[in-house]
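*Asks:* All I have is the shape, not the residue letters:
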């Protein structure tokens, strides 16, 4: 167990050093060209949300969830579904790409500085952390297990409003899901704070132009975090669990941020940093063939290591599904994510290059282009992430349970219901998008960013005027 992560870390770091050196030597080749927003990232984010809605539908089953999950472990399709259901890290990964692209773009245009970047990132990061915990404590489905307990065992934690609709009683906010566990959105906020500071350091004094150096530092740091994660989890998780038993709240929060349930910094900060590296590649005018080569090589290494890990260590226990990722799942997931994003971005940029050969044709096609349902889900991803469980549960509790009692004990009906919820979301978002996303959590986040940038710019202007 100890030799495996060390060997894997040296393999990936050696590959990164050699491939990033190729980037430096090939900077005059055909480079990545892109618009302000990559539709492929919206589509991937939308696909992740689509899968999340479907998979979370299984939580509506009025059966022994642990028993059902254990019974399906021998089914190959169920194994794939279980693997994909644990890919919450994809949101952190995509967030790293988009945020690093945004920060790089503003530095290259001279519209930001270190103070502005850190202030905005910390405010948005705190917004994500608070938003997830507040919304979930009012609207989330009941959660059973986590921390001291395995999946679907131990006490059930109810949210305030949905808990009342289900039990007829208002439940107080429980400490564990409110403060001691961490979801994907909280980890997006924490990782944003971390890598914004890192990028400010790297981009200082036009450091954003030093593509090779930046990719090497970010890549090695991402690899290091992923590699040390299993060691830290093995060492610190028992300490975290004991702190929960002893009700040592300070230790619970500090150690939980690193290795607690369900999406802690280990290994998800590494996922975010790999996303940051890809964002730098896209914005840093890396030759597109080199971008493809680096992505395929690094992802292949991780996929091979993850596959070998599954052969050596086997499937993670179903009862540990609420815990952070084991080493074999970490390697396989990050490998798949890097490969998918590399292929999607390369494909989108290559298509744009072909379109640019005939600008008139491109303008006509652009007018006819319509947003796909995955891109639509991607643009409302934050809203869907926070509200999908409440939306599906309310319809179940107030309508279906009254009209068709006991229907949720049939797995086929629950799967069909999950598909219906996806369709309903599509029509709701289609109408919502015509009003410019106003009122959605995605819109609120964009407004916060605009307000912060405007306020910081105004303060800077006043400061400069006061000097004269």
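*Replies:* Noted; the coordinates are in hand. Quick caveat: nothing in here was measured; it's all calculated off a predicted structure.
*Asks:* alpha carbons only for contacts and neighbour counts from here, please
*Replies:* OK.
*Asks:* Name the spans of the stretch 51-200 of the chain whose pLDDT lies under the cut-off.
*Replies:* The model of the stretch 51-200 of the chain has pLDDT under 70 over residues 64-75, 78.
*Asks:* How are the helices of it distributed by residue range?
*Replies:* For the stretch 51-200 of the chain, the helices defined by DSSP state H, counting those that start in this stretch occupy 65-71, 76-85, 89-109, 114-139, 160-167, 175, 184-203.
*Asks:* quick one: the shortest one to chain centroid distance?
*Replies:* Using Cα atoms, centre = their mean, to the nearest Å, we find the averaged C-alpha position of helix 175 to lie 24 Å away from the chain's own average C-alpha position.
*Asks:* What mean pLDDT does the biggest helix by length in the chain get?
*Replies:* Secondary structure of the chain per DSSP state H: the longest helix is helix 211-246. Average pLDDT, helix 211-246: 94.
*Asks:* how close does residue 311 sit to residue 434?
*Replies:* 50 Å (Cα to Cα, to the nearest Å).
*Asks:* whoops, residue 371 was the one
*Replies:* Counting by Cα to Cα, the separation of residue 371 from residue 434 is 12 Å.
*Asks:* between the two, which one's more packed in?
*Replies:* The neighbour comparison of residue 371 against residue 434 (other Cα atoms under 10 Å) goes to residue 371, with 12 against 9.
*Asks:* The more buried one in helix, strand or coil?
*Replies:* Classification of residue 371 by DSSP: H, G, I helix; E, B strand; the rest coil places it in coil.
*Asks:* what's the spacing between it and residue 420?
*Replies:* Note on residue 371: its distance to residue 420, by Cα to Cα, is 21 Å.
*Asks:* And the strand or helix carrying residue 341, what's buried?
*Replies:* Element membership of residue 341, judged by DSSP states H and E, is helix 327-356. By 16 or more other Cα atoms under 10 Å, the buried positions in helix 327-356 come out as 327-342, 344-346, 348-350, 355.
*Asks:* now do stretch 133-141
*Replies:* Neighbour-count burial for stretch 133-141 flags 133, 136, 137, 138, 139, 140, 141 (criterion: 16+ other Cα under 10 Å).
*Asks:* do the same with stretch 164-180
*Replies:* For stretch 164-180, by 16+ other Cα under 10 Å, it's 166, 171, 173, 177, 178, 180.
*Asks:* Residue 250 is in contact with the last one, correct?
*Replies:* No. Counting by Cα atoms under 8 Å, residue 180 does not reach residue 250; the two are 10.0 Å apart.
*Asks:* burial of residue 55, as a residue count?
*Replies:* Residues within reach of residue 55, counting by other Cα under 10 Å, total 17.
*Asks:* for residue 251, same thing?
*Replies:* As a burial measure, residue 251 scores 16 neighbours (other Cα under 10 Å).
*Asks:* Geometric centre of this structure: which residue is closest?
*Replies:* With distances taken as Cα atoms, centre = their mean, the chain has residue 91 as the residue nearest its mean C-alpha position (1.5 Å).
*Asks:* what's the spacing between that residue and residue 433?
*Replies:* 21 Å.
*Asks:* and if you look at residue 453?
*Replies:* For residue 453, the distance to residue 433 - Cα to Cα - is 24 Å.
*Asks:* Let me see the mean pLDDT of stretch 391-408.
*Replies:* Stretch 391-408 comes out with an average pLDDT of 91.
*Asks:* start to end distance for that stretch?
*Replies:* In stretch 391-408, first residue to last residue: 16 Å (Cα to Cα).
*Asks:* Please enumerate residues in contact with it?
*Replies:* 57, 60, 61, 62, 141, 162, 165, 166, 413, 414, 418, 421 (Cα atoms under 8 Å, 6 or more residues apart in numbering).
*Asks:* Flag every buried residue along it.
*Replies:* Buried, per 16+ other Cα under 10 Å, within stretch 391-408: 391, 392, 393, 394, 396, 407, 408.
*Asks:* Now the two most distant members of those.
*Replies:* The span of the buried residues of stretch 391-408, defined through Cα to Cα, is set by 391 and 407 at 17.7 Å.
*Asks:* Surely residue 95 touches residue 189?
*Replies:* No. At 9.5 Å, residue 95 and residue 189 do not qualify as touching, with contact defined as Cα under 8 Å.
*Asks:* okay, these two: which has more neighbours?
*Replies:* Higher neighbour count among residue 95 and residue 189: residue 95, with 25 against 22, using other Cα under 10 Å.
*Asks:* re the thing from before, now the angle between helix 89-109 and the helix holding residue 341, please.
*Replies:* Computed with axes from the mean of the first three to the mean of the last three Cα atoms, to 10 degrees, the direction of helix 327-356 lies at 50 degrees from that of helix 89-109.
*Asks:* mean confidence for helix 327-356?
*Replies:* 87.
*Asks:* Does anything pack onto it? Which helices or strands?
*Replies:* Under the contact definition 3 or more Cα pairs under 8 Å, 6 or more residues apart in numbering; DSSP states H and E, helix 327-356 sits against helix 39-56, helix 211-246, helix 265-283, helix 288-313, helix 359-368.
*Asks:* closest to residue 200 out of the ones you listed?
*Replies:* helix 211-246 (11.2 Å).
*Asks:* What's the first helix or strand after that closest one?
*Replies:* Trace forward from helix 211-246 with DSSP H and E and the next one is helix 249-259.
*Asks:* For that next one, buried residues please.
*Replies:* Neighbour-count burial for helix 249-259 flags 251, 252, 253, 255, 256, 257, 258, 259 (criterion: 16+ other Cα under 10 Å).
*Asks:* angle of that helix against helix 184-203?
*Replies:* 70 degrees.
*Asks:* which other residues reach helix 249-259?
*Replies:* 179-182, 232-233, 236-237, 239-241, 243-244, 264-266, 324.
*Asks:* now do 7 Å
*Replies:* 180, 181, 233, 236, 237, 240, 243, 244, 264, 265, 266, 324 (Cα atoms under 7 Å, 6 or more residues apart in numbering).
*Asks:* Now do the SS call for residue 322.
*Replies:* coil.
*Asks:* Leaving out sequence neighbours, find the closest residue to it.
*Replies:* Of all residues not flanking residue 322 in the chain, residue 262 sits nearest, at 5.4 Å (Cα to Cα, 6 or more residues apart in numbering).
*Asks:* what's the one you found in contact with, if anything?
*Replies:* So residue 262 contacts 181, 182, 183, 322, 323, 324 (Cα under 7 Å, 6+ apart).
*Asks:* State the phi and psi torsions of the first one.
*Replies:* Translated: residue 181. Residue 181 adopts backbone torsions of phi -110, psi 160, taken as degrees, to the nearest 10.
*Asks:* any idea how far the nearest residue to it once chain neighbours are set aside lies from residue 255?
*Replies:* Spatial nearest neighbour of residue 181, chain neighbours left out: residue 261 (5.1 Å); criterion: Cα to Cα, 6+ apart. Taking Cα to Cα as the measure, residue 261 falls 11 Å from residue 255.
*Asks:* Look at the residue lying closest to residue 271 once chain neighbours are set aside and say how many residues are nearby.
*Replies:* Nearest residue to residue 271, sequence neighbours excluded (Cα to Cα, 6+ apart): residue 93, at 5.1 Å. Residues lying near residue 93 (other Cα under 10 Å) number 26.
*Asks:* So residue 93 sits against residue 275, correct?
*Replies:* Yes. Distance between residue 93 and residue 275: 4.9 Å, which falls inside the contact criterion (Cα atoms under 7 Å).
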